[in-house]
Structure formats: C-alpha cells, structure tokens
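J.: Sharing a sequence plus its predicted fold:
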Amino acid sequence: MDKPLIHITYCPKCGWMLRSAYMAQEILTTFVDEVKGVTLLPSETSGVFTVYVGEKLIFDRKQMQRFPEIKELKQLIRDEVNPEMSLGHSDVK
C-alpha cells in the first residue's frame, strides 16, 4: 500500500504559515513510517486552514470554527494511516 501524502492548506495573509509548519514537523516526527510527506499549500482564499490525508479531508477550520490541537490532529491522522498505532501520551483522553 502506498503511503499517503498529507496536505495542509493555510491562509498566508492570516499569518498561519508558522502554525502549518509546526504541525507538519509534528506529523513528520510522529508518522515517520506511515506517511510519504507533508505539503504546505498557501491558499489564495482568506481564512482557509484544511488538512487532508491523501484525498480525504480530516480537518477544516471553517467547519469546526477553530484550529485543531496537535494531539487531536495526530489522532485523526493515525485513524487514517494506521488505526492500530499507539500515540503514547497523545492517546490519553
């Protein structure tokens, strides 16, 4: 099975590039063997912050009316790429 590519689309006008880069770093560190990579895509539409695993949307800031916590984002990605994977302390509810 091919490893999925994670896409984070963010609004550069809103100043969300650093937030996106931090999340990409966390994803790459956590999912070393599970993902192909993370791409950061600046949006031309204001207010956009979405996260896709392959073609599947797993988080949309506009729908949720907030940003994801990194723990939550890791759980959402894990559920798509390797549901059996333990996230250690990030699994504690």
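T.: In hand now; what should we look at?
J.: Just the CA atoms of the helix or strand containing residue 40, as CSV, please.
T.: Using DSSP states H and E, residue 40 sits within strand 37-42. Output in CSV follows, covering the C-alpha atoms of strand 37-42 (Å, rounded to 0.1, in the frame of the first residue of the first chain):
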residue,chain,number,x,y,z
GLY,A,37,5.4,13.5,3.4
VAL,A,38,3.6,16.7,4.3
THR,A,39,3.0,19.5,1.8
LEU,A,40,2.2,23.1,2.8
LEU,A,41,-0.1,24.8,0.3
PRO,A,42,-0.7,28.6,0.7
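J.: Report the angle between whichever helix or strand comes after that strand and strand 37-42.
T.: Per DSSP H and E, the first helix or strand lying C-terminal to strand 37-42 is strand 49-53. Going by axes from the mean of the first three to the mean of the last three C-alpha atoms, to 10 degrees, strand 49-53 is angled at 150 degrees with respect to strand 37-42.
J.: Tell me which residues are up against the helix or strand following strand 49-53.
T.: Using DSSP H and E, the next helix or strand after strand 49-53 towards the C-terminus is strand 56-60. With C-beta atoms under 8 Å, 6 or more residues apart in numbering as the test, strand 56-60 has contacts from 49, 50, 51, 52, 68, 73, 76, 77, 80. No exception for glycine: its C-beta is placed from N, CA and C like everyone else's.
J.: so who does the closest residue to the first one other than its chain neighbours touch?
T.: It stands for residue 49. For residue 49, ignoring the flanking residues on the chain, the nearest one in space by C-beta to C-beta, 6 or more residues apart in numbering is residue 61 at 3.8 Å. Residues counted as contacts of residue 61 (C-beta under 8 Å, 6+ apart) are 47, 48, 49, 50, 67.
J.: Produce a PyMOL select command limited to the buried residues of those.
T.: Buried members of the contacts of residue 61 can be picked out in PyMOL with the line below, counting by 16 or more other C-beta atoms under 10 Å:
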select buried, resi 48+49+50
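J.: ok, of the contacts of residue 61, which one's closest to residue 4?
T.: residue 50 (15.0 Å; C-beta to C-beta).
J.: ok, now which ones touch the closest one?
T.: 7, 8, 9, 57, 59, 60, 61.
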